[in-house]
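K.L.:
Make a model of this:
(one chain, ligands or ions: 1)
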Amino acid sequence: MGFAKKEYEFLSEIGIEASNPGCFVNGVWKGNGAVVSSLNPSSNQTIAQVSEGSLDDYEEGMQACSEATKIWMQIPAPKRGEIVRQIGDALRGKLQQLGRLVSLEMGKILPEGIGEVQEIIDMCDFAVGLSRQLNGSIIPSERPNHMMLEMWNPLGIVGVITAFNFPCAVLGWNACLALVCGNCVVWKGAPTTPLITIAMTKLVAEVLEKNNLPTAIFTVFCGGSEIGQAISKDTRIPLVSFTGSSKVGLMVQQTVNQRYGKCLLELSGNNAIIVMDDADIQLAVRSVLFAAVGTAGQRCTTCRRLILHESIYQSFLEQLLQVYKQVKIGDPLEKGTLLGPLHTAGSREGFKKGIDIIKSQGGKILTGGSVIESEGNFVQPTIVEISSDAGVVKEELFAPVLYVMKFKTLKEAIDINNSVPQGLSSSIFTNKPEIIFKWIGPNGSDCGIVNVNIPTNGAEIGGAFGGEKATGGGREAGSDSWKQYMRRATCTINYGHELPLAQGINFG
Ligand code: UN1
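P.N.:
Purely as a prediction, here's the structure:
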(Lines give C-alpha, C1' and ligand atoms only; values in the text may rest on other atoms or scores of the structure.)
Protein backbone atom coordinates (compact mmCIF):
# COMPACT_ATOMS: atom_id res chain seq x y z
CA MET A 1 0.00 0.00 0.00
CA GLY A 2 1.42 3.39 -0.95
CA PHE A 3 0.98 6.85 0.55
CA ALA A 4 -2.32 8.66 0.05
CA LYS A 5 -0.50 11.60 -1.50
CA LYS A 6 2.49 11.89 -3.81
CA GLU A 7 3.94 14.65 -1.63
CA TYR A 8 4.43 12.11 1.18
CA GLU A 9 6.60 9.81 -0.92
CA PHE A 10 9.86 11.41 0.27
CA LEU A 11 9.14 9.68 3.60
CA SER A 12 10.36 6.37 2.18
CA GLU A 13 13.87 7.91 2.06
CA ILE A 14 13.83 8.04 5.87
CA GLY A 15 12.30 4.63 6.44
CA ILE A 16 8.61 5.55 6.73
CA GLU A 17 5.92 3.59 4.94
CA ALA A 18 2.15 3.96 4.69
CA SER A 19 1.83 1.57 7.61
CA ASN A 20 4.53 1.16 10.29
CA PRO A 21 5.23 -0.87 13.41
CA GLY A 22 5.97 1.71 16.12
CA CYS A 23 8.25 -0.07 18.62
CA PHE A 24 11.92 -0.85 18.38
CA VAL A 25 12.38 -3.76 20.72
CA ASN A 26 15.64 -5.69 20.89
CA GLY A 27 16.47 -4.71 17.33
CA VAL A 28 13.07 -5.75 15.91
CA TRP A 29 10.25 -3.47 14.77
CA LYS A 30 6.87 -4.46 16.16
CA GLY A 31 3.76 -2.97 17.76
CA ASN A 32 0.97 -5.02 19.30
CA GLY A 33 -1.00 -2.06 20.64
CA ALA A 34 -3.55 0.23 19.01
CA VAL A 35 -3.20 1.29 15.38
CA VAL A 36 -3.17 5.09 15.12
CA SER A 37 -3.11 7.54 12.25
CA SER A 38 -0.58 10.32 12.02
CA LEU A 39 -2.46 13.38 10.78
CA ASN A 40 -1.27 16.33 8.74
CA PRO A 41 -2.19 19.41 10.85
CA SER A 42 -2.77 21.44 7.67
CA SER A 43 -5.59 19.17 6.46
CA ASN A 44 -6.28 16.62 9.22
CA GLN A 45 -5.77 13.90 6.62
CA THR A 46 -3.80 10.75 7.35
CA ILE A 47 -0.12 10.77 6.41
CA ALA A 48 0.57 7.18 7.53
CA GLN A 49 -0.45 4.62 10.14
CA VAL A 50 1.47 3.32 13.12
CA SER A 51 0.89 0.41 15.47
CA GLU A 52 1.74 1.46 19.01
CA GLY A 53 3.37 -0.65 21.73
CA SER A 54 1.53 -2.96 24.11
CA LEU A 55 2.66 -3.57 27.69
CA ASP A 56 4.09 -6.92 26.54
CA ASP A 57 6.17 -5.11 23.92
CA TYR A 58 7.30 -2.77 26.68
CA GLU A 59 8.42 -5.59 28.93
CA GLU A 60 10.27 -7.34 26.13
CA GLY A 61 12.02 -4.10 25.18
CA MET A 62 12.99 -3.31 28.76
CA GLN A 63 14.51 -6.73 29.32
CA ALA A 64 16.71 -6.39 26.25
CA CYS A 65 17.60 -2.83 27.20
CA SER A 66 18.65 -3.89 30.70
CA GLU A 67 20.93 -6.54 29.17
CA ALA A 68 22.42 -3.97 26.79
CA THR A 69 23.45 -1.68 29.68
CA LYS A 70 26.06 -4.24 30.73
CA ILE A 71 27.82 -3.90 27.38
CA TRP A 72 27.32 -0.19 26.76
CA MET A 73 28.62 1.06 30.10
CA GLN A 74 31.84 -0.93 29.66
CA ILE A 75 32.70 0.83 26.41
CA PRO A 76 35.11 3.74 27.06
CA ALA A 77 33.37 7.11 27.00
CA PRO A 78 35.35 8.51 24.01
CA LYS A 79 34.35 5.39 22.03
CA ARG A 80 30.72 6.03 22.97
CA GLY A 81 31.34 9.57 21.73
CA GLU A 82 32.42 8.12 18.39
CA ILE A 83 29.01 6.43 18.07
CA VAL A 84 27.27 9.74 18.80
CA ARG A 85 29.54 11.38 16.21
CA GLN A 86 28.32 8.87 13.64
CA ILE A 87 24.70 9.59 14.62
CA GLY A 88 25.41 13.30 14.00
CA ASP A 89 26.83 12.48 10.56
CA ALA A 90 23.83 10.31 9.68
CA LEU A 91 21.56 13.23 10.69
CA ARG A 92 23.55 15.60 8.48
CA GLY A 93 22.89 13.24 5.57
CA LYS A 94 19.12 13.33 6.14
CA LEU A 95 18.74 16.89 7.45
CA GLN A 96 16.40 18.03 4.68
CA GLN A 97 14.12 14.96 4.73
CA LEU A 98 13.89 14.83 8.52
CA GLY A 99 13.26 18.57 8.72
CA ARG A 100 10.51 18.18 6.14
CA LEU A 101 8.92 15.38 8.16
CA VAL A 102 9.01 17.53 11.33
CA SER A 103 7.28 20.30 9.42
CA LEU A 104 4.74 17.93 7.84
CA GLU A 105 3.77 16.00 10.96
CA MET A 106 4.13 18.64 13.68
CA GLY A 107 3.05 21.65 11.61
CA LYS A 108 5.92 24.06 12.27
CA ILE A 109 7.29 25.93 9.24
CA LEU A 110 10.04 24.22 7.22
CA PRO A 111 12.97 26.44 8.36
CA GLU A 112 11.99 25.61 11.96
CA GLY A 113 11.64 21.91 11.12
CA ILE A 114 15.15 21.88 9.68
CA GLY A 115 16.35 23.98 12.64
CA GLU A 116 15.02 21.36 15.00
CA VAL A 117 17.08 18.60 13.37
CA GLN A 118 20.10 20.95 13.32
CA GLU A 119 19.65 21.28 17.09
CA ILE A 120 20.26 17.52 17.46
CA ILE A 121 23.32 17.71 15.20
CA ASP A 122 24.68 20.49 17.43
CA MET A 123 23.96 18.32 20.47
CA CYS A 124 25.85 15.41 18.90
CA ASP A 125 28.91 17.63 18.36
CA PHE A 126 28.68 18.91 21.92
CA ALA A 127 28.36 15.39 23.33
CA VAL A 128 31.30 14.07 21.29
CA GLY A 129 33.58 16.69 22.89
CA LEU A 130 32.08 15.95 26.27
CA SER A 131 32.84 12.25 25.92
CA ARG A 132 36.48 13.13 26.66
CA GLN A 133 35.61 15.50 29.49
CA LEU A 134 33.41 13.61 31.94
CA ASN A 135 35.91 14.77 34.51
CA GLY A 136 35.67 14.22 38.22
CA SER A 137 37.72 16.13 40.76
CA ILE A 138 40.40 15.35 43.30
CA ILE A 139 39.69 16.81 46.72
CA PRO A 140 42.34 17.38 49.41
CA SER A 141 41.77 15.02 52.33
CA GLU A 142 42.19 16.24 55.90
CA ARG A 143 43.78 12.89 56.79
CA PRO A 144 47.42 11.94 56.11
CA ASN A 145 47.96 9.34 53.36
CA HIS A 146 44.36 9.70 52.22
CA MET A 147 42.96 10.97 48.98
CA MET A 148 39.43 11.95 48.00
CA LEU A 149 38.12 11.86 44.49
CA GLU A 150 34.88 11.94 42.57
CA MET A 151 34.03 9.26 40.02
CA TRP A 152 31.16 9.75 37.58
CA ASN A 153 29.48 6.48 36.64
CA PRO A 154 26.56 5.77 34.31
CA LEU A 155 23.06 5.44 35.76
CA GLY A 156 22.09 2.49 33.55
CA ILE A 157 18.91 3.37 31.66
CA VAL A 158 17.53 6.85 31.02
CA GLY A 159 13.81 7.12 30.16
CA VAL A 160 12.93 9.98 27.83
CA ILE A 161 9.32 11.10 27.32
CA THR A 162 9.01 13.92 24.80
CA ALA A 163 6.27 16.28 23.62
CA PHE A 164 4.83 17.00 20.17
CA ASN A 165 6.20 20.54 19.87
CA PHE A 166 9.86 19.49 19.70
CA PRO A 167 9.30 15.91 18.63
CA CYS A 168 12.99 15.10 18.09
CA ALA A 169 15.25 17.93 19.38
CA VAL A 170 14.38 17.23 23.01
CA LEU A 171 15.14 13.55 22.44
CA GLY A 172 18.48 14.77 21.08
CA TRP A 173 19.27 16.88 24.18
CA ASN A 174 18.68 13.89 26.41
CA ALA A 175 19.90 10.98 24.30
CA CYS A 176 23.21 12.52 23.22
CA LEU A 177 24.19 13.16 26.83
CA ALA A 178 22.73 9.93 28.18
CA LEU A 179 24.61 7.88 25.58
CA VAL A 180 28.06 9.42 26.02
CA CYS A 181 27.57 9.13 29.79
CA GLY A 182 27.18 5.35 29.30
CA ASN A 183 23.42 4.92 29.58
CA CYS A 184 20.98 3.09 27.39
CA VAL A 185 17.94 5.12 26.31
CA VAL A 186 14.25 4.21 26.41
CA TRP A 187 12.26 6.75 24.42
CA LYS A 188 8.53 7.35 24.19
CA GLY A 189 7.83 10.10 21.64
CA ALA A 190 4.60 12.09 21.53
CA PRO A 191 1.52 10.04 20.52
CA THR A 192 0.74 12.50 17.70
CA THR A 193 4.23 12.52 16.14
CA PRO A 194 4.98 8.79 15.75
CA LEU A 195 6.52 9.12 12.28
CA ILE A 196 9.29 11.37 13.60
CA THR A 197 9.90 8.91 16.44
CA ILE A 198 10.24 6.06 13.94
CA ALA A 199 12.44 7.95 11.45
CA MET A 200 14.84 9.12 14.20
CA THR A 201 15.03 5.63 15.65
CA LYS A 202 15.80 4.01 12.29
CA LEU A 203 18.70 6.38 11.82
CA VAL A 204 20.14 5.66 15.29
CA ALA A 205 19.56 1.92 14.90
CA GLU A 206 21.51 1.85 11.64
CA VAL A 207 24.54 3.38 13.36
CA LEU A 208 24.36 0.87 16.22
CA GLU A 209 24.02 -2.05 13.79
CA LYS A 210 26.93 -0.86 11.67
CA ASN A 211 29.10 -0.87 14.78
CA ASN A 212 27.94 -4.33 15.87
CA LEU A 213 26.44 -2.96 19.06
CA PRO A 214 23.23 -4.24 20.71
CA THR A 215 20.41 -2.22 19.17
CA ALA A 216 18.54 -2.40 22.49
CA ILE A 217 20.88 0.41 23.62
CA PHE A 218 18.21 2.58 21.99
CA THR A 219 14.78 1.12 22.77
CA VAL A 220 11.71 2.97 21.54
CA PHE A 221 7.95 2.82 21.94
CA CYS A 222 5.27 4.79 20.17
CA GLY A 223 2.36 5.01 22.53
CA GLY A 224 0.35 7.03 24.98
CA SER A 225 -0.08 7.34 28.72
CA GLU A 226 0.00 3.58 29.33
CA ILE A 227 3.63 3.35 28.18
CA GLY A 228 4.41 6.66 29.90
CA GLN A 229 3.13 5.30 33.20
CA ALA A 230 5.07 2.06 32.74
CA ILE A 231 8.27 4.10 32.32
CA SER A 232 7.46 6.24 35.38
CA LYS A 233 6.87 3.20 37.56
CA ASP A 234 9.78 1.11 36.29
CA THR A 235 12.52 0.65 38.92
CA ARG A 236 14.92 -0.35 36.15
CA ILE A 237 14.91 3.30 35.01
CA PRO A 238 16.77 5.46 37.55
CA LEU A 239 16.18 8.72 35.64
CA VAL A 240 13.05 9.80 33.77
CA SER A 241 13.30 12.94 31.64
CA PHE A 242 9.82 14.30 30.94
CA THR A 243 8.78 17.20 28.72
CA GLY A 244 5.16 18.35 28.77
CA SER A 245 2.64 20.28 30.83
CA SER A 246 3.15 21.18 34.50
CA LYS A 247 0.04 19.16 35.33
CA VAL A 248 1.24 15.88 33.80
CA GLY A 249 4.84 16.56 34.88
CA LEU A 250 3.77 16.67 38.52
CA MET A 251 2.08 13.28 38.19
CA VAL A 252 5.19 11.81 36.56
CA GLN A 253 7.38 13.26 39.29
CA GLN A 254 5.19 11.84 42.05
CA THR A 255 5.21 8.39 40.47
CA VAL A 256 8.97 8.41 39.89
CA ASN A 257 9.72 9.79 43.38
CA GLN A 258 7.52 7.13 44.92
CA ARG A 259 10.13 4.58 43.88
CA TYR A 260 13.09 6.92 44.68
CA GLY A 261 13.82 7.50 41.01
CA LYS A 262 15.05 10.85 39.71
CA CYS A 263 13.17 13.16 37.36
CA LEU A 264 14.34 15.75 34.90
CA LEU A 265 11.39 18.00 34.12
CA GLU A 266 10.84 20.51 31.32
CA LEU A 267 7.30 21.76 31.90
CA SER A 268 5.11 24.72 31.03
CA GLY A 269 6.45 28.21 30.43
CA ASN A 270 4.77 31.62 30.58
CA ASN A 271 7.51 33.79 29.25
CA ALA A 272 7.63 37.57 29.21
CA ILE A 273 9.49 40.20 27.22
CA ILE A 274 10.02 43.56 28.93
CA VAL A 275 10.68 46.56 26.71
CA MET A 276 12.30 49.52 28.49
CA ASP A 277 11.94 53.13 27.30
CA ASP A 278 15.54 53.19 26.00
CA ALA A 279 15.23 49.96 23.98
CA ASP A 280 16.01 49.50 20.30
CA ILE A 281 12.35 49.29 19.28
CA GLN A 282 12.86 47.71 15.86
CA LEU A 283 14.96 44.94 17.35
CA ALA A 284 12.33 44.37 20.02
CA VAL A 285 9.42 44.27 17.55
CA ARG A 286 11.18 41.65 15.40
CA SER A 287 12.02 39.64 18.48
CA VAL A 288 8.46 39.68 19.80
CA LEU A 289 7.17 38.55 16.41
CA PHE A 290 9.43 35.48 16.36
CA ALA A 291 8.88 34.77 20.06
CA ALA A 292 5.06 35.03 19.99
CA VAL A 293 4.14 33.82 16.49
CA GLY A 294 7.00 31.39 15.77
CA THR A 295 6.01 27.68 15.95
CA ALA A 296 2.40 29.02 16.16
CA GLY A 297 3.00 29.84 19.83
CA GLN A 298 3.67 26.19 20.65
CA ARG A 299 7.16 26.42 22.11
CA CYS A 300 7.61 26.17 25.83
CA THR A 301 9.76 29.28 25.31
CA THR A 302 7.07 31.19 23.38
CA CYS A 303 6.59 34.78 24.56
CA ARG A 304 3.09 34.97 26.04
CA ARG A 305 3.37 38.29 27.90
CA LEU A 306 4.66 41.58 26.55
CA ILE A 307 5.43 44.15 29.26
CA LEU A 308 5.87 47.62 27.76
CA HIS A 309 7.11 50.82 29.36
CA GLU A 310 4.21 53.29 29.36
CA SER A 311 6.16 55.91 27.39
CA ILE A 312 6.58 53.61 24.36
CA TYR A 313 3.40 51.54 24.84
CA GLN A 314 1.31 53.07 22.10
CA SER A 315 3.99 53.42 19.43
CA PHE A 316 5.34 49.92 20.08
CA LEU A 317 1.90 48.37 19.74
CA GLU A 318 1.24 50.24 16.50
CA GLN A 319 4.44 48.83 14.97
CA LEU A 320 3.72 45.34 16.27
CA LEU A 321 0.17 45.35 14.90
CA GLN A 322 1.61 46.42 11.56
CA VAL A 323 3.95 43.42 11.36
CA TYR A 324 1.23 41.03 12.60
CA LYS A 325 -0.85 42.07 9.58
CA GLN A 326 1.96 40.92 7.26
CA VAL A 327 2.29 37.42 8.76
CA LYS A 328 1.65 34.87 6.04
CA ILE A 329 -0.54 32.07 7.35
CA GLY A 330 -0.68 28.75 5.52
CA ASP A 331 1.00 25.49 4.60
CA PRO A 332 4.12 25.26 6.79
CA LEU A 333 6.04 23.61 3.93
CA GLU A 334 5.43 26.52 1.59
CA LYS A 335 8.11 29.16 1.20
CA GLY A 336 7.26 32.43 2.92
CA THR A 337 4.76 30.99 5.41
CA LEU A 338 5.42 32.32 8.92
CA LEU A 339 2.46 30.80 10.74
CA GLY A 340 1.43 27.20 10.21
CA PRO A 341 -1.50 25.38 11.81
CA LEU A 342 -1.81 24.37 15.44
CA HIS A 343 -0.79 20.76 15.93
CA THR A 344 -4.22 19.17 16.45
CA ALA A 345 -7.90 19.92 16.09
CA GLY A 346 -7.98 19.75 19.90
CA SER A 347 -5.42 22.58 20.14
CA ARG A 348 -7.65 24.65 17.84
CA GLU A 349 -10.59 24.02 20.17
CA GLY A 350 -8.37 24.98 23.11
CA PHE A 351 -7.59 28.28 21.38
CA LYS A 352 -11.31 28.99 20.89
CA LYS A 353 -12.10 28.29 24.54
CA GLY A 354 -9.08 30.32 25.62
CA ILE A 355 -10.33 33.36 23.70
CA ASP A 356 -13.75 33.07 25.40
CA ILE A 357 -12.11 33.02 28.82
CA ILE A 358 -9.86 35.96 27.90
CA LYS A 359 -12.92 38.01 26.91
CA SER A 360 -14.81 37.03 30.06
CA GLN A 361 -11.86 38.25 32.14
CA GLY A 362 -11.80 41.68 30.51
CA GLY A 363 -9.24 41.05 27.78
CA LYS A 364 -9.51 43.36 24.76
CA ILE A 365 -8.58 41.68 21.46
CA LEU A 366 -6.38 44.08 19.46
CA THR A 367 -5.90 41.72 16.52
CA GLY A 368 -6.83 38.13 15.68
CA GLY A 369 -8.93 36.18 18.14
CA SER A 370 -10.59 33.75 15.72
CA VAL A 371 -10.00 30.35 14.22
CA ILE A 372 -9.62 30.27 10.46
CA GLU A 373 -12.25 28.23 8.62
CA SER A 374 -10.41 25.45 6.79
CA GLU A 375 -9.70 21.71 6.88
CA GLY A 376 -6.62 22.34 9.00
CA ASN A 377 -6.06 23.67 12.52
CA PHE A 378 -5.31 27.29 11.60
CA VAL A 379 -5.91 30.21 13.97
CA GLN A 380 -5.17 33.91 13.78
CA PRO A 381 -2.14 35.37 15.55
CA THR A 382 -3.66 37.27 18.43
CA ILE A 383 -2.75 40.22 20.63
CA VAL A 384 -4.78 40.95 23.75
CA GLU A 385 -4.65 43.98 26.02
CA ILE A 386 -5.25 42.73 29.56
CA SER A 387 -4.40 43.33 33.21
CA SER A 388 -1.40 41.39 34.51
CA ASP A 389 -3.63 40.20 37.39
CA ALA A 390 -6.20 38.42 35.20
CA GLY A 391 -6.34 34.69 36.01
CA VAL A 392 -5.92 33.65 32.40
CA VAL A 393 -2.54 35.44 32.21
CA LYS A 394 -1.14 33.03 34.81
CA GLU A 395 -1.81 30.02 32.59
CA GLU A 396 -0.07 28.65 29.53
CA LEU A 397 -2.37 28.77 26.49
CA PHE A 398 -0.42 26.79 23.87
CA ALA A 399 -1.28 29.01 20.88
CA PRO A 400 -0.14 32.31 19.29
CA VAL A 401 -1.83 34.55 21.85
CA LEU A 402 0.17 37.46 23.26
CA TYR A 403 -0.96 39.46 26.32
CA VAL A 404 0.23 43.08 26.50
CA MET A 405 0.48 45.18 29.64
CA LYS A 406 2.02 48.45 30.80
CA PHE A 407 4.56 49.40 33.50
CA LYS A 408 6.18 52.54 34.93
CA THR A 409 9.26 51.34 36.84
CA LEU A 410 11.76 48.51 36.36
CA LYS A 411 10.73 47.03 39.70
CA GLU A 412 7.13 46.90 38.58
CA ALA A 413 8.13 45.18 35.32
CA ILE A 414 10.23 42.56 37.11
CA ASP A 415 7.38 41.94 39.59
CA ILE A 416 5.02 41.27 36.69
CA ASN A 417 7.60 39.01 35.03
CA ASN A 418 7.88 36.98 38.25
CA SER A 419 4.15 36.98 39.09
CA VAL A 420 3.25 33.72 37.30
CA PRO A 421 3.60 30.13 38.55
CA GLN A 422 5.96 29.17 35.70
CA GLY A 423 9.63 30.20 35.43
CA LEU A 424 11.16 29.15 32.13
CA SER A 425 12.30 32.06 29.96
CA SER A 426 12.35 35.86 30.05
CA SER A 427 13.94 38.75 28.20
CA ILE A 428 14.49 42.47 28.59
CA PHE A 429 15.20 45.04 25.90
CA THR A 430 17.46 47.85 27.09
CA ASN A 431 20.89 49.32 26.44
CA LYS A 432 21.59 50.35 30.04
CA PRO A 433 24.20 48.23 31.87
CA GLU A 434 22.67 48.99 35.27
CA ILE A 435 19.33 47.56 34.12
CA ILE A 436 20.96 44.52 32.51
CA PHE A 437 22.82 43.59 35.69
CA LYS A 438 19.77 44.14 37.91
CA TRP A 439 17.75 41.94 35.55
CA ILE A 440 20.16 38.98 35.68
CA GLY A 441 20.89 39.36 39.41
CA PRO A 442 19.17 38.07 42.57
CA ASN A 443 16.33 40.59 42.46
CA GLY A 444 15.79 40.26 38.73
CA SER A 445 14.04 37.61 36.64
CA ASP A 446 13.27 34.40 38.53
CA CYS A 447 13.46 32.27 35.37
CA GLY A 448 15.98 29.66 34.24
CA ILE A 449 16.60 31.57 31.01
CA VAL A 450 17.26 35.28 31.43
CA ASN A 451 17.94 37.05 28.14
CA VAL A 452 18.83 40.57 27.07
CA ASN A 453 17.95 42.04 23.66
CA ILE A 454 16.98 38.67 22.15
CA PRO A 455 13.68 36.74 22.07
CA THR A 456 12.62 34.35 24.86
CA ASN A 457 12.85 31.38 22.48
CA GLY A 458 15.53 29.99 20.21
CA ALA A 459 18.09 29.06 22.86
CA GLU A 460 21.44 27.64 21.77
CA ILE A 461 22.34 24.15 22.98
CA GLY A 462 25.57 25.27 24.72
CA GLY A 463 23.72 26.62 27.76
CA ALA A 464 21.75 24.60 30.29
CA PHE A 465 18.08 24.69 29.23
CA GLY A 466 15.22 24.67 31.72
CA GLY A 467 13.29 26.66 34.27
CA GLU A 468 12.22 27.14 37.86
CA LYS A 469 8.93 26.87 39.79
CA ALA A 470 6.15 25.08 37.88
CA THR A 471 8.53 24.64 34.94
CA GLY A 472 10.03 21.83 37.00
CA GLY A 473 13.63 22.80 37.76
CA GLY A 474 15.31 20.55 35.18
CA ARG A 475 18.34 21.56 33.12
CA GLU A 476 19.04 19.84 29.84
CA ALA A 477 21.42 20.24 26.86
CA GLY A 478 24.62 22.21 27.47
CA SER A 479 26.82 23.42 30.33
CA ASP A 480 27.11 20.77 33.08
CA SER A 481 23.67 19.20 32.47
CA TRP A 482 25.50 15.91 31.76
CA LYS A 483 26.01 15.40 35.49
CA GLN A 484 22.33 14.53 35.87
CA TYR A 485 22.79 11.51 33.62
CA MET A 486 25.47 10.03 35.87
CA ARG A 487 25.84 9.06 39.49
CA ARG A 488 28.63 10.60 41.49
CA ALA A 489 30.72 8.34 43.69
CA THR A 490 32.71 10.17 46.37
CA CYS A 491 35.74 7.95 47.01
CA THR A 492 38.08 8.31 49.98
CA ILE A 493 41.16 6.13 49.59
CA ASN A 494 43.56 5.33 52.41
CA TYR A 495 46.96 4.45 50.97
CA GLY A 496 48.71 4.35 54.38
CA HIS A 497 48.61 1.85 57.26
CA GLU A 498 47.13 4.07 59.98
CA LEU A 499 43.44 4.77 60.55
CA PRO A 500 43.10 8.49 61.32
CA LEU A 501 39.39 9.37 61.55
CA ALA A 502 37.76 12.49 60.13
CA GLN A 503 36.82 15.29 62.54
CA GLY A 504 39.77 14.10 64.70
CA ILE A 505 37.69 11.38 66.36
CA ASN A 506 39.69 8.99 68.51
CA PHE A 507 37.87 5.65 68.70
CA GLY A 508 39.70 3.35 71.09
C1 UN1 B 1 10.49 23.53 23.79
O2 UN1 B 1 9.70 24.36 23.39
O3 UN1 B 1 10.10 22.49 24.38
O4 UN1 B 1 14.78 27.62 22.98
C5 UN1 B 1 11.95 23.61 23.56
C6 UN1 B 1 14.00 27.16 22.13
C7 UN1 B 1 14.32 25.82 21.53
C8 UN1 B 1 13.83 24.73 22.39
C9 UN1 B 1 12.39 24.82 22.80
N10 UN1 B 1 15.74 25.72 21.36
O11 UN1 B 1 13.00 27.75 21.78
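K.L.:
what helix or strand does the residue positioned nearest the centre of the chain sit in?
P.N.:
With distances taken as CA atoms, centre = their mean, residue 170 lies nearest the centre of the chain, 4.2 Å away. Using DSSP states H and E, residue 170 falls within helix 169-180.
K.L.:
Please apply the same query to residue 451.
P.N.:
In the assignment (DSSP H and E), residue 451 maps to strand 449-452.
K.L.:
do that strand and the ligand meet?
P.N.:
No. Against the ligand, strand 449-452 shows no contacts by CB under 6 Å from any ligand atom, the least distance being 7.6 Å. C-betas here are computed from N, CA, C, even on glycine.
K.L.:
Next, the closest residue in space to residue 40 that isn't next to it in sequence: phi, psi?
P.N.:
Counting by CB to CB, 6 or more residues apart in numbering, residue 40 lies nearest to residue 47, which is 5.3 Å off, once chain neighbours are set aside. Note on residue 47: its backbone torsions stand at phi -90, psi -50 [degrees, to the nearest 10].
K.L.:
list the contacts for residue 47?
P.N.:
Listed by CB atoms under 8 Å, 6 or more residues apart in numbering, the contact partners of residue 47 are 3, 4, 8, 11, 37, 38, 39, 40, 104, 105, 195.
K.L.:
10 Å - rerun?
P.N.:
Residues counted as contacts of residue 47 (CB atoms under 10 Å, 6 or more residues apart in numbering) are 3-5, 7-8, 11, 16, 18, 37-40, 101, 104-105, 194-195.
K.L.:
Tell me which of those residues fall in strands.
P.N.:
Residues of these located in strands (DSSP state E): 37, 38, 39, 40.
K.L.:
which residues does the second one contact?
P.N.:
By that I understand residue 38. 16, 20, 22, 46-50, 101, 104-105, 191-198, 222.
K.L.:
For the protein, list the residues in contact with the ligand, please.
P.N.:
So the chain meets the ligand at 119, 165, 166, 170, 243, 299, 300, 301, 457, 458, 459 (CB under 6 Å from any ligand atom).
K.L.:
Out of those, which two sit at the greatest distance?
P.N.:
243 and 458 (17.0 Å; CB to CB).
K.L.:
before we move on, the earlier item: Throw together a PyMOL command that grabs the buried residues out of the contacts of residue 38.
P.N.:
Under the burial definition 16 or more other CB atoms under 10 Å, those of those that qualify are selected in PyMOL by:
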select buried, resi 16+20+22+46+47+48+49+50+101+104+105+191+192+193+194+195+196+197+198+222
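K.L.:
Show me how far the helix or strand just after the helix holding residue 170 is from its chain's centre.
P.N.:
The helix or strand immediately downstream of helix 169-180 is strand 184-188, counting by DSSP H and E. Strand 184-188 has its C-alpha centroid displaced from the chain centroid by 15 Å (CA atoms, centre = their mean, to the nearest Å).
K.L.:
so what does strand 184-188 touch, helix or strand wise?
P.N.:
helix 55-72, strand 157-161, helix 169-180, helix 194-210, strand 218-221, helix 225-233, strand 239-243 (3 or more CB pairs under 10 Å, 6 or more residues apart in numbering; DSSP states H and E).
K.L.:
will you turn the ones you listed into JSON lines that also has mean pLDDT and distance to residue 133?
P.N.:
Formatted as JSON lines, the helices and strands packed on strand 184-188 follow (pLDDT from 0 to 100; distance: least, CB to CB, whole Å):
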{"stretch": "helix 55-72", "mean pLDDT": "98", "distance to residue 133": "19"}
{"stretch": "strand 157-161", "mean pLDDT": "98", "distance to residue 133": "19"}
{"stretch": "helix 169-180", "mean pLDDT": "98", "distance to residue 133": "10"}
{"stretch": "helix 194-210", "mean pLDDT": "98", "distance to residue 133": "22"}
{"stretch": "strand 218-221", "mean pLDDT": "98", "distance to residue 133": "23"}
{"stretch": "helix 225-233", "mean pLDDT": "98", "distance to residue 133": "29"}
{"stretch": "strand 239-243", "mean pLDDT": "98", "distance to residue 133": "20"}
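K.L.:
Quick one: closest of the ones you listed to residue 316.
P.N.:
Closest to residue 316 of those is helix 169-180 (CB to CB; 31.3 Å).
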